[in-house]
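Engineer: sequence unknown, structure follows:
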């Protein structure tokens, strides 16, 4: 078998907060106050249920668990939040992370806060929403509708958020992120579970068809500190999630892509 060349390529970045390397190149549409976040039509909801559990979950399970050999560590933490609202925060290293997270939180369904690009796929907007995507708004009025949707869905679904916001494929470190998205668990007095995808050398069944093995580590539930102000509680949750992700990032031992900050490259 041909020996792998690792890393396969090198990517240079300028801004770890805002640079995007998903490679989707989608022409973004406006996600404003007329975007329909909440669907109460019985037919739409029934179709979404069937699409999710009869098509998406089986296909994604086979692709991720059988072919890609994705493993989860500490899924028992989900038992502690199965009957309550919960927010999940993790690193964003694949365009298809939304599918992996849907398996992670089973048997409960999830809603995933997604890039506005997810609402820009012609003819697929409804399907993307049926799969659980909650596209971020691009206008102030749209944000009002998004908040209403969050109020509605957080009671019935687990909410998955990628605080790094942008996709960096196969990135093994932790990028900086703010505490802004942590206002939701504070607002709803809900626990948080952090998760982190670790990359290791591809081994085992069909290893030659995988760029790397993935193991997803989950934390135990982290609760907002009621003794702090809302802003302080947000920052406290953010810091605990970041610390968990930093700890688990040390377990990654295989780099498919090398990321180098441009300023460092120039100095060399």
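Structural biologist: Good, I have the coordinates. No experiment lies behind these values; they were computed from the predicted model shown.
Engineer: mind listing the helices in the chain by residue range?
Structural biologist: 42-50, 57-61, 97-104, 125-130, 140-153, 183-187, 230-249, 262-267 (DSSP state H).
Engineer: Format those as TSV; extra columns: mean neighbour count, mean pLDDT and distance to residue 209.
Structural biologist: For the C-beta atoms, the positions are set from N, CA and C on the backbone; glycine is no exception. Below are those laid out as TSV (neighbours: other C-beta atoms under 10 Å; pLDDT from 0 to 100; distance: least, C-beta to C-beta, whole Å):
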stretch	mean neighbour count	mean pLDDT	distance to residue 209
helix 42-50	12	91	30
helix 57-61	14	87	17
helix 97-104	21	80	17
helix 125-130	18	78	27
helix 140-153	15	90	36
helix 183-187	20	95	38
helix 230-249	18	97	25
helix 262-267	10	58	32
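Engineer: give me the low-pLDDT residue ranges for the stretch 1-150 of the chain?
Structural biologist: Along the stretch 1-150 of the chain, the parts satisfying pLDDT under 70 run over 1-5, 23-32, 118-124.
Engineer: List the buried residues of the lengthiest strand in the chain.
Structural biologist: Longest strand in the chain, counting residues (DSSP state E): strand 192-200. In terms of neighbour count (16 or more other C-beta atoms under 10 Å), strand 192-200 has its buried residues at 192-199.
Engineer: Could you do stretch 15-22 as well?
Structural biologist: Under 16+ other C-beta under 10 Å, the buried positions of stretch 15-22 are 16, 19, 21.
Engineer: with these in mind, which one is nearest to residue 210?
Structural biologist: Of all those, residue 21 has the smallest distance to residue 210: 19.8 Å, by C-beta to C-beta.
Engineer: Would you list the phi and psi of that closest one?
Structural biologist: Main-chain torsions, residue 21, degrees, to the nearest 10: phi -130, psi 30.
Engineer: And for it, nearest residue in space, chain neighbours not counted?
Structural biologist: residue 168 (5.3 Å; C-beta to C-beta, 6 or more residues apart in numbering).
Engineer: tell me what the longest strand of the chain is packed against?
Structural biologist: If contacts are counted by 3 or more C-beta pairs under 8 Å, 6 or more residues apart in numbering; DSSP states H and E, strand 192-200 sits against strand 87-90, strand 213-218, helix 230-249.
Engineer: Just want the angle from that strand to strand 213-218.
Structural biologist: In terms of direction (axes from the mean of the first three to the mean of the last three C-alpha atoms, to 10 degrees), strand 192-200 departs from strand 213-218 by 160 degrees.
Engineer: tell me the centre residue of the chain?
Structural biologist: The centre of the chain sits closest to residue 162, judged by C-alpha atoms, centre = their mean, with a distance of 4.2 Å.
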